[in-house]
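Undergrad: Have a look at this prediction, sequence included:
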Amino acid sequence: MSRSVLVTGGNRGIGLAVARAFAQAGDRVALTYRSGGPPEEATRLGCLAVRCDVTDAGQVERAREEAERAHGPVEVLVANAGITRDQLLLRMPEEDFAAVLDTNLTGVFRVVKQVTGGMLQARRGRIVLVSSVVGLLGAAGQANYAASKAGLVGFARSLARELGSRGITCNLVAPGFVETDMTRALGEKQRAGLLSRVPLARSAQPEEIAATVRFLASDDAAYITGAVLPVDGGLGMGH
């Protein structure tokens, strides 16, 4: 059955792969992008592309309204939008710490709050948050990013307890080293160092993260909620 799906940060990388996976499965997909123009692939896939900065509550509300006008109340939310501003703690400006938390954690709060009303009314829904192995392991120079991604775990598990009785699940995926524009920009030595810690000895493709997200949004995962599903090649095992 075709569902109304909203994917934040769907203009590239993991978010675009997630939007593609749902669209190819026949769902009605709206994706958000923060800057530039809408991704060309969104048009080819038949997705609705909506400009939205998740740090702006007004833009989040308008994005939800636009998605619902086109596709009906949101039944599946994938909160993927996020940023990094890496720096060692002693050199990290407070503004960079606050900006990452505002986008990666408070931004998710804004989006989830917008869509849960419709889910509660329908007594069903799927919420999938994109966390990170860094939120479980920590990483030097990423205290802000790790804090934001770890915060999503407590947020999702609280929602799982609040919303579960209404048939709404809330889960997280925790990707590891994924082949995206950001990781392709790393130097060979840096890439080799990161991959040396991955038991499967390779990076993930965005489509592998997307497949896990689709599973968590499917009927097959109807009895899974409050879970953190690692898709990291074994990098974070034990955490």
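TA: Here it is on my side, so go on. Numbering: from 1, shown residues only.
Undergrad: and the lengthiest strand in the chain, what other elements does it pack with?
TA: Identified as the longest strand of the chain according to DSSP state E is strand 168-175. In terms of contacts (3 or more Cβ pairs under 8 Å, 6 or more residues apart in numbering; DSSP states H and E), strand 168-175 is packed against helix 107-122, strand 125-130, helix 143-163, helix 206-216, strand 228-231. (Each C-beta comes from the backbone N, C-alpha and C, glycine too.)
Undergrad: Check the gap between the residue positioned nearest the centre of the chain and Gly187 for me.
TA: Nearest residue to the geometric centre of the chain (Cα atoms, centre = their mean): Asn80, 2.2 Å. Per Cβ to Cβ, to the nearest Å, Asn80 is found 26 Å from Gly187.
Undergrad: Same question for Met1.
TA: Counting by Cβ to Cβ, the gap from Met1 to Gly187 is 46 Å.
Undergrad: what do you get for Ala147?
TA: For Ala147 relative to Gly187 (Cβ to Cβ), the value is 26 Å.
Undergrad: low pLDDT regions in this structure?
TA: Within the chain, the stretches with pLDDT under 70 are 182, 185-186.
Undergrad: rewinding a little: make a markdown table from the helices and strands packed on strand 168-175 and add mean neighbour count and distance to Glu66 to it.
TA: Converted to a markdown table, the helices and strands packed on strand 168-175 look like this (neighbours: other Cβ atoms under 10 Å; distance: least, Cβ to Cβ, whole Å):
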| stretch | mean neighbour count | distance to Glu66 |
| --- | --- | --- |
| helix 107-122 | 19 | 11 |
| strand 125-130 | 26 | 19 |
| helix 143-163 | 19 | 24 |
| helix 206-216 | 21 | 22 |
| strand 228-231 | 20 | 30 |
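Undergrad: Redo those as TSV? Include distance to Pro38.
TA: Shown next, in TSV, are the helices and strands packed on strand 168-175 (distance: least, Cβ to Cβ, whole Å):
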stretch	distance to Pro38
helix 107-122	18
strand 125-130	20
helix 143-163	26
helix 206-216	18
strand 228-231	27
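Undergrad: Glu94: which of those is closest?
TA: helix 143-163 (9.8 Å; Cβ to Cβ).
Undergrad: what packs against the helix or strand encompassing Val5?
TA: Per DSSP states H and E: Val5 is located in strand 4-8. On a contact count with 3+ Cβ pairs under 8 Å, 6+ apart, strand 4-8 meets helix 13-24, strand 28-33, helix 57-71, strand 76-79, helix 107-122.
Undergrad: what about 6 Å?
TA: Packing contacts for strand 4-8, counted by 3 or more Cβ pairs under 6 Å, 6 or more residues apart in numbering; DSSP states H and E, involve helix 13-24, strand 28-33, strand 76-79.
Undergrad: Ends of stretch 215-231, what's the gap?
TA: 12 Å (Cα to Cα, to the nearest Å).
Undergrad: now swap in stretch 74-91 and tell me
TA: 41 Å.
Undergrad: mind checking how far it is from the chain centre?
TA: For stretch 74-91, the separation from the chain centroid amounts to 8 Å (computed by Cα atoms, centre = their mean, to the nearest Å).
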